[in-house]
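Student: please work out how this folds:
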Amino acid sequence: MIVLAVSVAHSVATNHRFEWDVVWEYFTSRQLIDGMLTTLKLTVLSMAIGVTLGVILAVMRQSDVWIIRTVASVYIWFFRGTPVLVQIIFWFNLAAVYPTIQLGLPGLDPWISMDSNQAITPIAAALLALGLNEAAYMSEIVRAGLVSVDDGQMEAATSLGMSRSRAMRKIVLPQAMRVIIPPTGNETIGMLKVTALVSVVAVADLLYAAQVVYSTTFQTVPLLIAASLWYIVMTSVLSVGQVQLERHFSRGSTSTQHESFAQRFRAAASRFHASDRRTS
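Tutor: Down below sits the predicted model:
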């Protein structure tokens with residue numbers, strides 16, 4: 001495996017067709033940095049929409065009222081059953097079926113009326129598709145976390161006079177975060193990469209910025225490598241943040257936690273100094 005890895009690395013590094021000088025030139029270019037910032041903005045906003053709606057849907061799935069459970073189930077069934085790319089294109093072309101967006105009661109003058117082409121911009125279409133689609137997956141993640149908390153926690157909280165909503169916020173959800181955080185981190189990293197799909201509706205994300213450049217320079221491979229390196233950098237940073245969140249919410253858990261490199265280094269240094277003092 002080591003020989004194979006070294007061979008592949010040597011081949012990639014010495015193959016002049018990769019044009020590494022072009023890769024590093026565009027890696028720090030203004031076009032790709034602006035696209036990277038747009039990708040981050042889409043990821044943060046889409047996950048904010050997805051997590052918020054996902055928590056609401058998960059609580060609805062736990063409701064004792066059958067119609068509330070049914071509405072949440074139908075939402076999850078629909079958005080998990082349709083490809084996110086189709087959803088992006090549909091929202092972008094919403095004006096074809098609804099030229100005007102109106103809010104109000106049927107038969108009365110609308111409270112709000114706006115032109116669909118002005119309201120559903122490419123960014124808005126991307127956020128709607130990504131956020132609503134993510135909510136369907138986050139709801140199942142949150143529901144799994146809620147189910148993992150023993151029913152006695154809710155019973156104990158209500159016996160102390162807490163309302164169910166307050167007990168959910170203060171008792172159940174904090175404990176469920178141990179189960180929710182790891183898959184949510186994976187969803188965030190996945191969302192970062194899924195945002196590349198918005199390039200089909202001309203949103204100036206990282207991939208679209210690379211496409212604009214190589215459509216004029218015809219240096220397709222170097223631009224795609226530069227964009228991929230930015231994706232690797234961003235996912236690496238998110239992975240570190242996920243690990244820190246997992247450690248934060250795992251405090252007090254009886255399960256064995258993996259120590260960080262810094263913790264292992266400090267422990268080894270302490271043992272070394274202790275043994276050195278004993279020998280001296």
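
Student: which parts of the chain are helices?
Tutor: 2-14, 20-27, 30-61, 66-81, 84-92, 116-119, 122-148, 151-159, 164-167, 173-194, 206-217, 220-249, 261-279 (DSSP state H).

Student: okay, the residue nearest to residue 235 when sequence neighbours are not counted: pLDDT?
Tutor: Of all residues not flanking residue 235 in the chain, residue 189 sits nearest, at 5.1 Å (Cβ to Cβ, 6 or more residues apart in numbering). Any C-beta I mention is one placed from the backbone N, CA and C, and that applies to glycine too. If you check residue 189, the pLDDT there is 92.

Student: residue 45 now?
Tutor: Residue 45 is assigned 96 on the pLDDT scale.

Student: what's the separation between it and residue 2?
Tutor: Using Cβ to Cβ, to the nearest Å, residue 45 is found at 43 Å from residue 2.

Student: swap in residue 122?
Tutor: From residue 122 across to residue 2, the span is 47 Å (Cβ to Cβ).

Student: again, but for residue 94
Tutor: Computed with Cβ to Cβ, the distance linking residue 94 and residue 2 is 54 Å.

Student: more crowded one of these two?
Tutor: Neighbour totals were compared for residue 94 and residue 2, and residue 94 leads with 17 against 6 (other Cβ atoms under 10 Å).

Student: quick one: contacts for that one?
Tutor: Neighbour list for residue 94: 116, 120, 125 [criterion: Cβ atoms under 8 Å, 6 or more residues apart in numbering].

Student: can you lay out these as CSV showing pLDDT, neighbour count and distance to residue 143?
Tutor: Below are the contacts of residue 94 laid out as CSV (pLDDT from 0 to 100; neighbours: other Cβ atoms under 10 Å; distance: Cβ to Cβ, whole Å):
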residue, pLDDT, neighbour count, distance to residue 143
116, 83, 15, 34
120, 88, 19, 30
125, 93, 22, 28
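
Student: which one of these is nearest to residue 36?
Tutor: Taking Cβ to Cβ as the measure, residue 36 sits nearest to residue 125 out of the contacts of residue 94, at 20.6 Å.

Student: report the separation between the closest one and residue 89.
Tutor: Residue 125 sits 8 Å away from residue 89, going by Cβ to Cβ.

Student: give me the common contacts of these two.
Tutor: residue 201.

Student: what score does residue 149 have for pLDDT?
Tutor: pLDDT for residue 149: 83.

Student: I figured it hits residue 174, correct?
Tutor: No: contact criterion Cβ atoms under 8 Å: residue 149 and residue 174 do not qualify, at 9.3 Å.

Student: more neighbours, the two?
Tutor: Using other Cβ under 10 Å as the criterion, residue 149 and residue 174 rank with residue 149 on top: 18 against 11.

Student: which residues does the more buried one contact?
Tutor: Residue 149 sits next to 172, 175-176 when contact means Cβ under 8 Å, 6+ apart.

Student: the most centrally placed residue in the chain and residue 181: what is the separation?
Tutor: The residue lying closest to the centre of the chain (Cα atoms, centre = their mean) is residue 188, at 1.8 Å. Separation of residue 188 from residue 181 (Cβ to Cβ): 10 Å.

Student: and for residue 216?
Tutor: Taking Cβ to Cβ, one finds residue 216 at 43 Å from residue 181.

Student: try residue 160
Tutor: 27 Å.

Student: burial measure for the closest residue to residue 185 other than its chain neighbours, as a count.
Tutor: Closest residue to residue 185 apart from its sequence neighbours, by Cβ to Cβ, 6+ apart: residue 242 at 3.2 Å. Applying other Cβ under 10 Å, we find 17 residues neighbouring residue 242.

Student: residue 242 and residue 181 touch, don't they?
Tutor: Yes: at 7.2 Å, residue 242 counts as touching residue 181 under the criterion of Cβ under 8 Å.
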